[in-house]
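Novice: Below are the sequence and a predicted model for it; my questions follow.
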Amino acid sequence: MATNKAVLRRHFDEVLNQGRLGVVDEIYADGYVLDAPVQTDGSVEAHGVTLGRDGLKRRVTLFRTGFPDIHFSVDRMIAEGDQVAVQYTFTGTQTGQFGDLPPSARHISVTGILIAQVLDGRIQSALSVFDSGDRMDQLARIS
C-alpha cells in the first residue's frame, strides 16, 4: 500500500505540478481510464472520460496551459488493497487559454477527491470528483 501511495504522490508532484509528461509512461497503464468532471478538451458540458496515456498527456497540457502556476496539494491519502483515495486542492491563475475560455487572470482554488486503482506499480484507472461548477463560478467572478 505504501508503494501505491508513492505512485499517486508521483502523479500529483511530478505529472500535475511539474508537468513531467514522460512520467506518464512510467506510472500509468497502457489502457488507463480517467472519469472526471472536465473532458480532455476542457469542456464542462458533460462528464468526461480520458482514455490512455496520450489522453492524459493532453489533459495535463490543457490544465497547465490554462493555469501555468497550477499546484495540486495532497490534503489526505488513504490506501487499501489496490485502491488509493486522495483528497486534494488544486489552485492556479488562469493566464492561458483553457478549452473555450480565454485567459481571465482569475485565481481559483478547488478541492476534489481522486480514487485510483494501482496494480503492479501502474495506475490502471481513476475517478476524480470536484465541483466544476464552482471552478466555473470562480473563473466568471468579477473582481
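Specialist: Received it, and whenever you're ready, just let me know what you need.

Novice: need the strands for this structure, in chain order.
Specialist: Secondary structure of the chain (DSSP state E): strands at 28-36, 48-51, 71-80, 83-93, 107-119, 122-130.

Novice: Dump those strands to TSV, plus mean pLDDT.
Specialist: Formatted as TSV, the strands of the chain follow (pLDDT from 0 to 100):
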stretch	mean pLDDT
strand 28-36	94
strand 48-51	86
strand 71-80	98
strand 83-93	96
strand 107-119	95
strand 122-130	94
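
Novice: any chance of those in TSV, plus distance to L101?
Specialist: (C-beta placed from N, C-alpha, C; glycine too.) TSV is the format used below for those (distance: least, C-beta to C-beta, whole Å):
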stretch	distance to L101
strand 28-36	17
strand 48-51	15
strand 71-80	19
strand 83-93	13
strand 107-119	11
strand 122-130	16
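
Novice: Select, out of those strands, the one closest to F12.
Specialist: With distances scored as C-beta to C-beta, the stretch of those nearest to F12 is strand 71-80 (4.8 Å).

Novice: could you give the angle of the closest one to strand 83-93?
Specialist: Relative orientation of strand 71-80 and strand 83-93, computed by axes from the mean of the first three to the mean of the last three C-alpha atoms, to 10 degrees: 170 degrees.

Novice: Pull the residues that contact strand 71-80.
Specialist: Under the criterion C-beta atoms under 8 Å, 6 or more residues apart in numbering, residues 1-2, 4-5, 8-9, 12, 16-17, 84-92, 111 lie in contact with strand 71-80.

Novice: so where's the longest helix in this structure?
Specialist: Ordering each helix of the chain by length in residues (DSSP state H) puts helix 52-66 first.

Novice: could you say what helices and strands it packs with?
Specialist: helix 22-27, strand 28-36, strand 48-51 (3 or more C-beta pairs under 8 Å, 6 or more residues apart in numbering; DSSP states H and E).
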